[in-house]
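**Student:** Fold the following, please.
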Amino acid sequence: MNLGSLILVVLSLSLTFSVHGAPTAQERADWSSFFVGADAQGTIVVMDSRAGKDVTFVYDAERAGRRYSPASTFKIAHGLFALDAGILRDEFQVIPWDGVKRSVEPWNEDQNLRSAMRNSTVWVFEGFARQLGDNREISYLQKIAYGNALSGGGTPFWVEGDLAISANEQVSFLRHLYRNELPFRVEHQRLIKDVMVNEAGYDWILRAKSGWSGKIGWWVGWVEWPTGPVFFALNIDTPNRLSDLPKRQEITRNILRSIRALPPL
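**Tutor:** Numbers count the residues shown, from 1 in each chain. This is a model prediction of the structure:
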């Protein structure tokens with residue numbers, strides 16, 4: 001085994017340990033008011049690293065350890081796979097529209113990595129999956145210990161298939177990405193973080209990605225402050241489908257504001 005292979009094995013083992021070991025977390029039963037107020041069932045994990053150490057809070061710890069389809073939150077990892085495999089060169093590379101008219105209007109035009117992340121353009125990432133193939137997808141998933149690391153089942157596998165991840169695992173993955181600790185080129189990790197920017201103030205940046213499987217809604221990411229980041233991963237049930245989707249950000253933002261991880265309104 002050469003040195004490069006050994007380093008990747010060590011990294012993979014380290015990631016596996018930290019991802020699957022649920023963080024020691026303080027249960028925040030008081031956060032139930034944010035879920036009740038939004039008429040939603042779900043969980044949230046928040047890791048506050050602003051004090052120079054990681055302090056983790058959780059609402060519904062049992063659910064936080066349960067795996068669900070990542071839906072479009074997987075685009076964070078999938079973008080890294082495409083960059084590493086050379087399918088995608090940078091954020092400027094044009095990905096030609098295939099001409100198929102879809103219900104989401106912003107999807108019906110050429111894309112690049114930034115627009116595909118912003119608009120959650122499914123067909124772009126389905127193209128990445130075809131070019132990568134199942135074997136490379138599984139290899140990448142295992143390398144970063146992403147949830148159960150499965151790519152089978154329905155199509156796309158990150159929505160309709162077997163891939164599943166917990167809120168605890170989402171936070172661990174994001175923490176490694178924030179620190180450029182994933183087994184990918186640092187410039188690729190920085191690029192993915194750049195296209196994740198949702199909002200910013202004079203001393204903070206919110207990087208996040210939403211996801212929806214049809215049954216489960218996600219919002220994951222972190223807020224960067226001069227004193228350190230605050231990571232979060234929320235998932236909720238969406239029995240009312242589209243009308244439930246705004247609750248993902250509503251609940252998360254209210255919780256982050258309650259611990260001053262986002263500025264007040």
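**Student:** Tell me where the stretch 101-250 of the chain has helices.
**Tutor:** Taking DSSP state H, counting those that start in this stretch to define them, one finds helices in the stretch 101-250 of the chain at 113-118, 122-143, 167-178, 186-195, 246-258.
**Student:** What helices and strands are in contact with the fourth one?
**Tutor:** So the one you mean is helix 186-195. helix 75-85, helix 113-118, helix 167-178 (3 or more Cβ pairs under 8 Å, 6 or more residues apart in numbering; DSSP states H and E). Heads up, the C-betas are built off the backbone N, CA and C, glycines and all.
**Student:** buried ones in that helix?
**Tutor:** Using 16 or more other Cβ atoms under 10 Å as the test for burial, helix 186-195 gives 188-189, 191-193, 195.
**Student:** Looking at the residues you listed, which is nearest Gly152?
**Tutor:** For the buried residues of helix 186-195, the residue nearest Gly152 by Cβ to Cβ is Ile192; the value is 24.9 Å.
**Student:** show me what contacts the closest one?
**Tutor:** Residues counted as contacts of Ile192 (Cβ atoms under 8 Å, 6 or more residues apart in numbering) are 76, 79-80, 83, 177.
**Student:** picking that back up, Phe231 is nearest to which of the helices of the stretch 101-250 of the chain?
**Tutor:** Here helix 167-178 is closest among these (Cβ to Cβ), at 4.9 Å.
**Student:** and that closest one with helix 186-195, angle?
**Tutor:** Relative orientation of helix 167-178 versus helix 186-195 (axes from the mean of the first three to the mean of the last three Cα atoms, to 10 degrees): 120 degrees.
**Student:** and helix 167-178, how far from the chain's centre?
**Tutor:** Distance, stretch centre to chain centre, for helix 167-178: 8 Å (Cα atoms, centre = their mean, to the nearest Å).
**Student:** again, but for stretch 143-159
**Tutor:** In terms of Cα atoms, centre = their mean, the centre of stretch 143-159 is set 13 Å apart from its chain centre.
**Student:** If I look at the residue most central in space within the chain, what pLDDT would I see?
**Tutor:** Centroid-nearest residue in the chain, with Cα atoms, centre = their mean: Thr73, separated by 3.9 Å. pLDDT for Thr73: 98.
**Student:** who's in contact with it?
**Tutor:** Counting by Cβ under 8 Å, 6+ apart, Thr73 has contacts 165, 170, 209-211, 218, 220.
**Student:** And the residues you listed, which two are furthest apart?
**Tutor:** Ile165 and Ser210 (14.6 Å).
**Student:** Comparing those two, which residue is more hemmed in?
**Tutor:** Ile165 (28 against 19; other Cβ atoms under 10 Å).
**Student:** count of residues packed around the closest residue to the residue nearest to the centre of the chain other than its chain neighbours?
**Tutor:** The shortest distance from Thr73 to any non-neighbouring residue, by Cβ to Cβ, 6 or more residues apart in numbering, is to Gly211 (3.9 Å). Close neighbours of Gly211, defined as other Cβ under 10 Å, add up to 24.
**Student:** Tell me the helix or strand right after the lowest-mean-pLDDT helix or strand in the chain.
**Tutor:** Using mean pLDDT, DSSP states H and E, the weakest-scoring helix or strand in the chain turns out to be helix 3-20, at a mean of 43. Under the assignment DSSP states H and E, the closest C-terminal helix or strand after helix 3-20 is strand 25-27.
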